[in-house]
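# Need coordinates for the following:
(chains A and B)
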Amino acid sequence: MLVVDADGALIETNEAARRLIPLVPGDFVTSAAMPAWLAAADRALRQAGTPADAVSGEVAGRSFEAYPSSCDDGTVVWWLLEDTDRRLAEQALRGERERAALLAEVSSALLSSLNVERCMTVTARMAAGHLADAAIIVAPAQGRRHQLTYARADGEVTQTMLPVEPRSVAGLAEALQGFPPVPARWIDPAELPDWAVPEGFDGPIGSVIVTPLPGHGVPAGVLILLRSSTHQAFTDGEEVFARLFAARAGVALSAARLYAEQRSITTTLMRDLLPPRLERVHGVEYAGAYRAARDHERVGGDFYDVHPGTDAGEETFVVLGDVAGKGLEAAVLTGKIRSVLQALLPLSGDHQQVLSLLNGALLNSHHTRFATLVLASVTRRAGHVRLRLTSAGHLPPLIIRSDGRVEEAPTQGQLVGAMPAVTARTAHVSLAPGETCLLYTDGITEASGGPLGDQFFGEERLRAALGPCARMPAEAVVERVQMLAAQWLGGGRHDDMATLAITNPAGGHGALHSVDGHHATAARPKAGVRR
Amino acid sequence: MTLHQPVGFSVTVEAIDSRSIRLTLQGVLDFESADEFLDAVNRTLDAHVLEHGPALREMHMNCSGLRLLDSSGLSALLTLRRRTHPAGVTLHLRHRPVQLTRMLALTGTAEYLTAGPDGTAEPVGPAGELPGEAESTSS
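Predicted structure coming up:
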């Protein structure tokens, strides 16, 4: 407590005040020993002439608030209250809030990406921006080399692959295995190898933190933080915070890494399940289109394959089918069917035998997941394409004649994979130039939509749509069917949809081999039936 | 007693005695409802075995309310047949709507599904009606 008279001279101080401010009664508040902020407050109070609010400032390295009370004779009593502890607590709280906000920022910035490279870039940039003057992320080894991501406080990030000797930095080998970090004070900055200092890093390094990025069970890498010697060394609090930061970043990084691995596995497995690209074989056009039930998937329960004959005289073996079920599980079964059929290629002269063997291979005591399919054996002779078509429980192929008529191939048989024995009836069909045989799955005819939203596209609409496809190339027929089905669907749900067109090209290049005189009569093809 | 009533599909037990069970199928038997159908029918069969032992011979399914049967629905019927046929139970698919008749004809499964213990299907019309039973419910 200090009492100051109207002239600015001290009248009285108590003992607590004397220990803080070495002034005695008679000294003026303007003297150098008086804290400047208190002297200024005293002056301001006298000039304003009204009671002033409390002021605060430091005295002898401690924090105080000063409350004035004015008397009528111009005397002012200053009550000083220490609030050092409260200020420290507030400062700590503010620091914690900033850190919590930073951690939240780290999580949201990192978890928005499942790209490993991007995660490392963001982590390094944030670490360099908020925690240190530079940051380096050492990714887990790929062989003997590690991917290194460097970031400087100015935001510049670079990545490189280098062979790194983990023992060249104290604590790095341990951190790469996920062991807790060694204290920063154990690491001698002078011993850091060249690779651990980003290019363009100014001046000598003052202090270093090496901390693991803990992932899901395995470390996602190591974070190295550098501070230049012109800055204050890392405090214990900062070191702890660096570990918290690393924990958040590690979770995001390992999620990204796991996702990348899964995606690579899926891509590998899917490669064999994707529908093949089709092209012209021995003068016959083939075109296929496939749309999976779920638009983000590329495989499903429908499949097709074209196995070209070894030469133009050999039959080309075509299959299109549909497995009960959807998604990856169905796709795996299509993979099995396609492999079995490929192995049975030498027997493709006898469709009944192929189907019996396939049926035996698919019979399974666990489930009755069956398949329906159409087999087609195709040859081109004297300008005509001859087809042997066998349906195993599948929608019969449609034949688009060159005059626009659409016929159903007279083939019928039992589905495969559910019954102990299967039989099927093969149809023999001949295609004149400009004619197409269309194989399709029920995803097309059962596309649900239309003006009322719940009607099937249906076989009648499909046949009507195919009429105008006479003399069109295979590619165009397939595109038209898929487009019409998609339009019919609108945004509605649908099953897998597959179409495959086998076309005897109309005139032009396709007819190069057809030097026969049968064109006129060939328009009436022979569609025989054989049991 | 309605065993299960998900959106769009239900199986109802109409009558039950020691030798036969009569079910009514309603709605869409597809990928979504196939498992529910099998669960419901299997529970009914389990309960029947507990009460009557292996006495069951016939399982009649009234299909007139079946709006759609897709490949997963057909797969469910085939799975059911795997249980009933070895147990000497004959499946009867009655009052088949056009779509079901067509599906069974296309896939060649009608005779197999409804085959009796001696392997022969009883003589039924195209819609699964018994001789003398009114051909009625094709929708």
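# downstream neighbour of the top helix by length along chain B in the secondary structure list?
Secondary structure of chain B read by DSSP state H shows that its longest helix is helix B:34-52. Sequence-wise, the next helix or strand downstream of helix B:34-52 (DSSP states H and E) is strand B:58-69.
# quick one: which helix or strand includes B:Thr79?
Using DSSP H and E, the element containing B:Thr79 is helix B:71-84.
# Adjacent strands (with direction) for the next helix or strand after that helix?
As assigned by DSSP H and E, the chain's next helix or strand after helix B:71-84 is strand B:90-94. When sheet partners are counted by DSSP bridges, strand B:90-94 sits next to strand B:58-69 (parallel).
# does the residue nearest to the spatial centre of chain A count as helix, strand or coil?
Central residue of chain A (Cα atoms, centre = their mean): A:Leu114, 5.1 Å from the mean position. A:Leu114 falls in the coil class when you classify it by DSSP: H, G, I helix; E, B strand; the rest coil.
# For it, grab phi and psi.
The phi/psi pair for A:Leu114 (degrees, to the nearest 10) reads phi -110, psi 20.
# Distance of it relative to A:Asp154?
27 Å (Cβ to Cβ, to the nearest Å). (C-beta placed from N, C-alpha, C; glycine too.)
# Tell me the confidence at A:Asp295?
Looking at A:Asp295, its pLDDT stands at 63.
# Over to A:Trp78?
As predicted, A:Trp78 sits at a pLDDT of 88.
# In this structure it contacts A:Asp42, no?
Yes: if you go by Cβ atoms under 8 Å, A:Trp78 and A:Asp42 touch, sitting 7.2 Å apart.
# Chain B versus A:Pro214, what's the distance?
According to Cβ to the nearest Cβ, to the nearest Å, A:Pro214 and chain B sit 41 Å apart.
# Check the burial of that residue by counting its neighbours.
Using other Cβ atoms under 10 Å in any protein chain shown, A:Pro214 is surrounded by 22 other residues.
# In terms of helices and strands, where is the closest residue to it other than its chain neighbours?
Nearest residue to A:Pro214 in three dimensions, chain neighbours excluded: A:Gly250, at 4.5 Å (Cβ to Cβ, 6 or more residues apart in numbering or on different chains). Element membership of A:Gly250 [criterion: DSSP H and E] is helix A:236-271.
# how about the residue of chain B found nearest chain A, what does it touch?
Proximity of chain B to chain A (Cβ to the nearest Cβ) peaks at B:Gly108, 3.3 Å away. Shown in contact with B:Gly108 (Cβ atoms under 8 Å, 6 or more residues apart in numbering or on different chains): A:393, A:412-415, A:422-424.
# And the helices in the stretch 51-200 of chain A?
For the stretch 51-200 of chain A, the helices defined by DSSP state H, counting those that start in this stretch occupy A:84-111, A:116-130, A:172-176.
# and the angle from the following helix or strand past the last one to helix A:236-271?
Tracing the chain past helix A:172-176, the next element assigned as helix or strand by DSSP H and E is strand A:205-214. In this structure, strand A:205-214 runs at an angle of 40 degrees to helix A:236-271, with axes from the mean of the first three to the mean of the last three Cα atoms, to 10 degrees as the basis.
# Which strands border strand A:205-214, and is each parallel or antiparallel?
Sheet pairing of strand A:205-214 (DSSP bridges) gives strand A:219-228 (antiparallel).
# Could I get the average pLDDT for the strand it pairs with?
Computed over strand A:219-228, the mean pLDDT rounds to 87.
# Stretch A:111-127 now?
Averaging pLDDT along stretch A:111-127 yields 84.
# can you list the domain ranges for chain A.
Domain ranges of chain A: A:2-82, A:98-268, A:272-530, per automatic domain parsing.
# when you scan the last one, is anything in it near chain B?
Put plainly, it is domain A:272-530. Yes: remark: domain A:272-530 sits within contact range of chain B at A:322, A:324-326, A:367-370, A:372, A:393-395, A:412-415, A:418-419, A:422-424, A:442, A:446, A:495, by Cβ under 8 Å from any Cβ of the partner chain.
# That domain: how far from the chain's middle?
Centroid separation for domain A:272-530 versus its chain: 35 Å, with Cα atoms, centre = their mean, to the nearest Å.
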